[in-house]
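Novice: pasted the sequence and its predicted model underneath.
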Amino acid sequence: NDLCNLIKDFQFLWKGKTLQLSTSAGLAEIDANSGSLTDLLSAADAACCVAKEQGRNRVHWFESGDAAVKRRHGQLLWVQRVKQSLDNDRFTLYKEEFVPLSKAANNAVHYEILLRMIDENGNVVSPMSFIPAAERYNLMPAVDRWVINKTLKTLANRDGIENSNSIYAVNLSGQSLNDDGFLKYTIDQFDESGISPGRICFEITETTAIANLTRASRLMSILKGMGCHFALDDFGSGLSSFSYLKNLPVDYLKIDGSFVQNILSNRIDYAMVDSINQIGQLMGLQTIAECVEDNETLKKVKALGIDFAQGHGIAKVVPLKFQQDTEHNNHNKVIHTLSKIRTRA
């Protein structure tokens, strides 16, 4: 504590400005239960991270039952698993179809690409387990790049099998928006795969777009000029939704599921969903209701004139591969077998 106070009181001058310093410290006791040196340093490091989270310029003492330290230590373990999954290609992609509700939805089939991790035992791991750690430790640009690369490669390998009008929604993180090399990487991936940009819709959450408005607008304008679509995800969760909406070149509004889930029982949520849909339609945008989990909610959002509905209760999440794959592979096997017969003949 004396050391923290000493550094806090130190006047650090730089280019005529006085900068305030602070110190965060993590302490771990060395005793019979400390484990190895690595375990001891890991405990102290986790305690130091908790000290930073709690406001900095403080000391946090490691205790085995400390919930905050356990959470931080758990995130560090997930960081290693994310890195290993990137290195060993142990992620996999799923897709969830949007249910069209209006004539404006036209004939295009819409899917959202969903990311899953495959653990060391072959089990599928939900993104809610590892995405928070990836976001905190700035791994999302690498994860987003993996998703874009794998999505475009998958579509390219199945060219002509899946409906060419299908549009696939890929989520982008705020960290990718701030990554100087991300835009060039994405453009290069389209060039290498040969997939039409018009088949990809990038989803950016409303809060992320607002926090990175200048960068988001530039990236969206360039990729939209190539033919990509854009959706503003979780719309309605921000504090200034409508004022920022007119400054972003989006094609779709995804209405925040926290409103959609309760429209059957909550008049305010119903009014929010209705107003967001009306504004979206007035601006020429198509609207998507998130978290539609039953037929009654589906009927309600359809009655409001919303264009698409999305939810586990009305459309199953399935791996990103197509039903025709088996038939296509069998067809190739037949051709290969006939070729061998002709050769022998």
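Specialist: It's in.

Novice: can I assume L40 is in contact with S34?
Specialist: Yes - between L40 and S34 there is a contact under C-beta atoms under 8 Å: 4.9 Å. For every residue, glycine as well, the C-beta is placed using N, CA and C.

Novice: hey, what's in contact with both of those two?
Specialist: Residues touching both L40 and S34 (C-beta atoms under 8 Å, 6 or more residues apart in numbering): A28.

Novice: more neighbours, these two?
Specialist: Taking L40 and S34 together and counting by other C-beta atoms under 10 Å, L40 has the greater number of neighbours (16 against 13).

Novice: may I see the buried residues of whatever helix or strand that one lives in?
Specialist: L40 is part of helix 37-53 when elements are defined by DSSP states H and E. For helix 37-53, the neighbour count (16 or more other C-beta atoms under 10 Å) marks L40, S42, A43, A44, D45, A46, A47, C48, C49, V50, A51, K52 as buried.

Novice: would you list those in TSV and tack on distance to F182 and pLDDT?
Specialist: Shown next, in TSV, are the buried residues of helix 37-53 (distance: C-beta to C-beta, whole Å; pLDDT from 0 to 100):
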residue	distance to F182	pLDDT
L40	38	86
S42	32	81
A43	36	83
A44	35	87
D45	30	85
A46	31	82
A47	34	86
C48	31	87
C49	27	83
V50	31	84
A51	32	86
K52	27	84
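
Novice: for the record, mean pLDDT for the helix or strand hosting L3?
Specialist: Using DSSP H and E, L3 sits within helix 2-9. Average pLDDT, helix 2-9: 87.

Novice: please identify the buried residues of it?
Specialist: Neighbour counts over helix 2-9 (16+ other C-beta under 10 Å) mark C4 as buried.

Novice: phi, psi of C201?
Specialist: Here is the backbone geometry of C201 (degrees, to the nearest 10): phi -120, psi 120.

Novice: which residues does it contact?
Specialist: H110, I167, Y168, A169, V170, C228, H229, F230, A231, D251, Y252.

Novice: also N262?
Specialist: D269.

Novice: let the chain start at 30 from now.
Specialist: Got it, first residue is 30 now, which makes that one N291.

Novice: and the longest strand along the chain, what's buried?
Specialist: Secondary structure of the chain per DSSP state E: the longest strand is strand 139-147. Neighbour counts over strand 139-147 (16+ other C-beta under 10 Å) mark H139, Y140, E141, I142, L143, L144, R145, M146 as buried.

Novice: export the residues you listed to a markdown table and tack on distance to V346?
Specialist: Output for the buried residues of strand 139-147, formatted as a markdown table (distance: C-beta to C-beta, whole Å):
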| residue | distance to V346 |
| --- | --- |
| H139 | 14 |
| Y140 | 10 |
| E141 | 9 |
| I142 | 11 |
| L143 | 6 |
| L144 | 11 |
| R145 | 9 |
| M146 | 15 |
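
Novice: now, which of the residues you listed sits nearest R174?
Specialist: L144 (12.0 Å; C-beta to C-beta).

Novice: and H139, how far from E125?
Specialist: 10 Å (C-beta to C-beta, to the nearest Å).

Novice: also Q310?
Specialist: Q310 is 24 Å from E125, where distance means C-beta to C-beta.

Novice: hang on, the earlier thing: which one of the buried residues of strand 139-147 is nearest to T52?
Specialist: Of all the buried residues of strand 139-147, M146 has the smallest distance to T52: 36.0 Å, by C-beta to C-beta.

Novice: just give the closest residue to the closest one, not the sequence neighbours.
Specialist: Counting by C-beta to C-beta, 6 or more residues apart in numbering, the nearest residue to M146 once its immediate chain neighbours are dropped is V154, at 4.0 Å.

Novice: hmm, that neighbour is touching A162, no?
Specialist: No - using C-beta under 8 Å, V154 is not in contact with A162; the gap is 11.8 Å.

Novice: residue ranges in the stretch 30-179 of the chain under the pLDDT threshold?
Specialist: Across the stretch 30-179 of the chain, the ranges flagged by pLDDT under 70 are 94, 97-102.

Novice: mind listing what the spatially most central residue of the chain touches?
Specialist: In the chain, the C-alpha nearest the mean C-alpha coordinate belongs to N200, at 4.6 Å (C-alpha atoms, centre = their mean). If you count contacts by C-beta under 8 Å, 6+ apart, N200 has them with E141, I142, D173, V176, F231, E232, I233, D262.

Novice: I'd assumed E235 was in contact with S266.
Specialist: Yes - between S266 and E235 there is a contact under C-beta under 8 Å: 5.8 Å.

Novice: show me which of those two is the more surrounded one.
Specialist: Higher neighbour count among S266 and E235: E235, with 24 against 15, using other C-beta under 10 Å.
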